[in-house]
Structure formats: C-alpha cells, structure tokens
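Visitor: Just a sequence and a predicted model for now, questions to come.
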Amino acid sequence: MSERPTATAPAAPAKPAPAVSPEMAPFWAAARRHELVVQRCTGCGALRFPAREICSRCLARGVAWQPVSGRGTVFTVAVMHQANHPAFAAEVPYAVAVVELDEGVRVTAQVTGIPAREVTIGMPVEVWWDAVSPEVTVPRFRPRTA
C-alpha cells in the first residue's frame, strides 16, 4: 500500500533585506542595538539622513553618528494597497510615512499599531524595533503612547 503525499502550504516568501551600504552601516549596526542614529556634520552641526558623504549645508566631509530620540510626527503618509513584493501581500494595506523627528531630521518608515487609514499627518509617533532576522533590525513607528 502506497502512502498518499500530503499537501503542504508553500512557504511565505522572505522579505527583502535592506541593502547596507558602507555609508549606512553605522545606522544598521545601531538599529541592531535598538538605537536610532543620524549623521551630524562635524563642520556645521547639521543633522542628516540618509547618510551622505558631503554636508549639503556647508560641504564639509566630516561626520559623526548621533543618537536621536526616536520621537516625532508624521510629515506625510502613503497607504500601500498593492504588494510590490510577494512577501508583503498579507500586510496590505499598510502605511509608510515620512516622520519628522523632534530633532528636525526626517526618516521614512512603516507606521504600525493602528489601521493604515488612521495614520494622519501631524500624528505623534515613536520608534519601535522589528528584529526581522538575527542580522537585521528595522526601525518602525507607532502612535506615541505618552
């Protein structure tokens, strides 16, 4: 008597990992420690994100990485209704926002914790950390609790 093969559900596709450039490596290393950092120009003190080789304010090349609060407000938001990668199909709709941190620099990230349609411009948010693999931790934002 032969055994019948059992049907198994196909494995969900893996989400693509962020590309870690040499300039952004300190950011991703800090994220693994649950620390949000941005570049600070050592010439004029301007904060910037994402990382760049030259300061757009004073053209200096010196840079330091500075921890920031992880608190800010939604500057603008887009609600994604279509999965542009199969790994995100189960999450649509989801909100991607430009968050203006309290320190003035802007970062782009997913906002979670509430339905995507409820994410609004001006909403206070705070960072949380999503360890998507042992090597990669992604900053995401949620409505601020206090």
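Guide: Alright, I've got the coordinates. Numbers count the residues shown, from 1 in each chain.

Visitor: quick one: the strands in the protein?
Guide: Ranges of strands in the chain, per DSSP state E, are 37-41, 47-48, 63-67, 71-80, 94-101, 106-111, 124-131, 137-143.

Visitor: Mind checking those strands for the one nearest to residue 25?
Guide: Residue 25 sits nearest to strand 63-67 of all the strands of the chain, at 10.2 Å, using Cβ to Cβ. In short, each C-beta sits where N, CA and C put it, glycine included.

Visitor: which helices and strands sit right next to that closest one?
Guide: Counting contacts by 3 or more Cβ pairs under 8 Å, 6 or more residues apart in numbering; DSSP states H and E, strand 63-67 packs against helix 25-32, strand 37-41.

Visitor: what sits up against the first one?
Guide: Applying Cβ atoms under 8 Å, 6 or more residues apart in numbering, the set of residues contacting helix 25-32 from outside is 18, 20, 36-38, 49-51, 65, 67, 129, 135-139.

Visitor: Spell out which residues make up each domain of this protein.
Guide: 21-67, 69-146 (automatic domain parsing).

Visitor: how about those domains in JSON lines, adding distance to residue 14 and mean pLDDT?
Guide: Below are those laid out as JSON lines (distance: least, Cβ to Cβ, whole Å; pLDDT from 0 to 100):
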{"stretch": "domain 21-67", "distance to residue 14": "18", "mean pLDDT": "95"}
{"stretch": "domain 69-146", "distance to residue 14": "6", "mean pLDDT": "95"}
